[in-house]
Each structure stands twice: as C-alpha cells, then as structure tokens.
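J.: just need the structure, nothing else, for what follows:
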Amino acid sequence: MSTDPSTVALPPGLPAHLAAAYEVLAAGAADILPADGLAERLAAADRENRPLRVKLGIDPSGTQLTLGHAVVLRKLRQFQDAGHVAVLVVGGFTGQVGDPSGRTATRTAQTAADVVANSAGYFAQLMRVLDPDPARCEIINNADWLEPMVLGELLGYTRLITVAQLLERDDFARRFRGNEPITLSEFFYPLLQGIDSVAIHADVELGGTDQTFNNLVGRELQRSRRQAPQAVLTMPLLVGTDGVEKMGKSLGNFIAIDAPADDQFGALMSVPDPVVGTYARLATDLHPREVAQLDEAVVEGGPAANRAKRAMAAAVVRLYHGADAAAAAEDHFDAVFRRGEQRTDAPVHQVAAAAVLHLPRILVDAGMADSSSAARRLVDSGAVRIDGRSVAAGTYDLPVAEAQGRVLAVGKRRAVRLQVG
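T.: Next up, the predicted model:
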C-alpha cells in the first residue's frame, strides 16, 4: 500500500482507539506491505497487551548522519512515542558481508573492527533522534546469532529463497544484464537480514525504499519458523538541498544532524519551495495535518510559502537543538537576510563537488576577484563574508558543509549563493 503524502486512509476494521496512532505511524510512508500489515500488527499487539517490536537494521559505514539518514529514524521515534520498542540490529556480522541494495558494483565489505570504529560516534548521533530509554530501545548485534550458526541451519534457510527471486531485484538484474560480477556473499545478504527478523521476533521492519526486497525476505523466513510475519514499512529517500538528487555527502547537498543550529536553519531556507512539504513530512515531528497545511501554503506562494518554509526549518532545528536555539537561528537568519546585512536575491553560483572547496578559485570563477592572489587579499582584508560573517584571514579552503546554500559576498554589492554539485 502506498500512502497519500498528506492524509492517511484508515484500514477497515482497525479498532477506533488505534486510529490516531495509525494516522501518525503510516503518514509519509512510501509503502506498507501488505496493505493491512501495520494495522494487523497494531491490533495484535493491542490484544496481547504488549508493545510492537520495530526493527531497523544498521550497518555503520560512516561516521556522520544527515537528515536523509534520519528519515527512517524519525519514523522509528514515532513508534517509540506511541509506546513501542525500537530494536536496532547492528550489523556486526552483516556489515562484513556488505549490503548490495542500490549498488551498481560489489560493495567493499567492512571488517569487524571497521564496524566497531564507525559505531563509536554513530550511536551518539542516533540518540539525537531516538529515545534511549532501555525500555523503549534495544541495541543488538547480529553477530550474536549469525556467527555461531552451523552450516546445516544456514542451508535450511537457503531453501526458502530461489536464485530467480534474487535476480528479480533491480540492482542484481541490472548487473546481471551488464555482465557485472555478483558475489555469492551478496546473495546471502537478504537471507541474513531476514534471519535477523526471526531472531528478534520483529513485528515491523522499517527501511528505505531500497530495502523493500530484503525486508520482505524476513516475512518468508518468519512464516517458516511459525512466527507472525512482520509488516514492512518503507520510507522515501529524501532529496538534497538542490531539490533534485538524493541527499548525499558525495554530492554536497546534505544537512548534517549535528550541524550548528544557524547552519541548519540557513541550509533549510535554501531548499526549493516545491520540496518544503517533503522536508516537513520526512524530517520533522509535525503532525500530518500540519504538514498538509504547509503544503497548501507552498501552493499559495509568496509570503505564505516563505512562512511555510520557516515553519519547516524551525521544526527541524528544534528537533536537534531545542526551541531556544531554533528561535535564535531564525533571528540570526533575519539579521543576515532581512535587516540589510546580506542580499536575499543573490544569483546561484554552481561549484563542482569536492570534499574541500578552494575559496579564491570560487571568487575568481564567480567574477568577484580578478585573480587568485587578488581573492586572497580580499579574504585577508576581511572583505569576504559567508552568510554575513567575515571569513577569517588566511582561510582559503572551506568544507562543503560550510558552503552549501550559503551566500558568499564581497562588499555590499557582489554576492552569489553557492550550490555545490
């Protein structure tokens, strides 16, 4: 079942006292599989007077989380707020295999040490979104049951999935048609992820739309072990600040969840109007009906659309920094853009994606300096500003996160808004 982005139809037969929770939990989902799966699991848990066990698999492959990563985490938090248990399955074993989802080539596997190292700062960021209360959050390592599994038991599971089914996956099918290698270990990944669902007795599994196949495997394996099959709820992939491409660090179109409040607010105010509703739906804790109101305001355009964007930006910043910081960030934005301290109509200047951006080169390419040496002199004299703040003398290189969506200005007349990617 694909859900409407603004309103959610309640399944027939859902107990009335579960309707409000269902409306929130189903809102924004790309698919709920089967269509009545979430309602059935909610009703079953209610009859049994227990919380749902809501699974999310995590293979820490990096150390910085973005708003794109947080989409499924926000949905998991909604389940927690409704009284259910988040079960985070850390890929201590599967991370060494490598998830092939969405890949065009074999993914480089991590070592167990890699997984541990990446997890160190990863969970501190996770808990900026999730409720860490042990009664509402379990963190489990799938190496605990996968490493000691004997070969005979694993082979028993392999009989439940055919090679033909695996080759129906878009990423495998594409690579197969292109004569690209697919390792046997990659075929095992969906199976191992499904075994995780059996091991933890999952009621619901969350994931991005690229995880649908893997999550459905879990249902089949649970049936084989006479467990009630989990419902699968997938979330859309969040577009980046460019409003076009999927949010990603490699494209420079991302917003980090641990970015300073001012930076988050400014970057969110730079997103195109058409994606404001998407951000409100996927990256905030606003109620679906509030999101629908923002959608209507964006369609109205003009000041109403600007107010909607501000409401979305403030809602995101509140989640990660609190209400006071969100208010201060909005005030800083106004100081820069509304009270004459910076232009609001700066033209967009496209910059090639890179881990670090060379400021003198950007100034030259944007026609704001005649040469690199002249650009350096402008920086050193304090004439160059980013979002109204002077760039420190000798600062010639900028991380992408400090440039994306910002207004780069020299003096009061020359300014551009940086778009990386």
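
J.: contact partners for the closest residue in space to residue 354 that isn't next to it in sequence?
T.: Sequence neighbours aside, residue 400 is the residue nearest to residue 354 in space, at 7.2 Å (criterion: CB to CB, 6 or more residues apart in numbering). C-betas here are computed from N, CA, C, even on glycine. Each residue near residue 400 by CB atoms under 8 Å, 6 or more residues apart in numbering is listed here: 249, 252, 353, 354, 355, 356, 357, 420.

J.: what's the neighbour count on the first one?
T.: Spelled out, it's residue 249. Using other CB atoms under 10 Å, residue 249 has 17 other residues around it.

J.: in the stretch 1-150 of the chain, which spans are helices?
T.: Secondary structure of the stretch 1-150 of the chain (DSSP state H, counting those that start in this stretch): helices located at 19-26, 37-47, 67-81, 112-126, 143-146.

J.: of all the ones you listed, which one comes closest to residue 362?
T.: Minimum separation from residue 362 across the helices of the stretch 1-150 of the chain (CB to CB) falls at helix 67-81, 24.9 Å.

J.: now that closest one: buried residues?
T.: Neighbour-count burial for helix 67-81 flags 67-80 (criterion: 16 or more other CB atoms under 10 Å).

J.: and it, C-alpha only, in PDB?
T.: Output of helix 67-81 as PDB, limited to C-alpha atoms (Å, rounded to 0.1, in the frame of the first residue of the first chain):
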ATOM      1  CA  LEU A  67      18.700  14.500   7.500                       C
ATOM      2  CA  GLY A  68      18.400  11.800   4.800                       C
ATOM      3  CA  HIS A  69      19.600   9.100   7.200                       C
ATOM      4  CA  ALA A  70      17.300  10.500   9.800                       C
ATOM      5  CA  VAL A  71      14.100   9.900   7.800                       C
ATOM      6  CA  VAL A  72      13.700   6.300   8.900                       C
ATOM      7  CA  LEU A  73      14.900   7.200  12.400                       C
ATOM      8  CA  ARG A  74      12.200   9.800  12.700                       C
ATOM      9  CA  LYS A  75       9.600   7.200  11.800                       C
ATOM     10  CA  LEU A  76      11.200   4.800  14.400                       C
ATOM     11  CA  ARG A  77      10.900   7.600  17.000                       C
ATOM     12  CA  GLN A  78       7.200   7.900  16.200                       C
ATOM     13  CA  PHE A  79       6.800   4.200  17.000                       C
ATOM     14  CA  GLN A  80       8.600   4.800  20.300                       C
ATOM     15  CA  ASP A  81       6.400   7.800  21.200                       C
END
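
J.: mind giving me the packing neighbours of that helix?
T.: Helix 67-81 sits against helix 19-26, strand 53-58, strand 85-90, strand 204-208, strand 231-235, helix 276-283, with contacts defined as 3 or more CB pairs under 8 Å, 6 or more residues apart in numbering; DSSP states H and E.

J.: how about the ones you listed in JSON lines, adding mean pLDDT?
T.: Output for the helices and strands packed on helix 67-81, formatted as JSON lines (pLDDT from 0 to 100):
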{"stretch": "helix 19-26", "mean pLDDT": "93"}
{"stretch": "strand 53-58", "mean pLDDT": "94"}
{"stretch": "strand 85-90", "mean pLDDT": "94"}
{"stretch": "strand 204-208", "mean pLDDT": "94"}
{"stretch": "strand 231-235", "mean pLDDT": "96"}
{"stretch": "helix 276-283", "mean pLDDT": "93"}
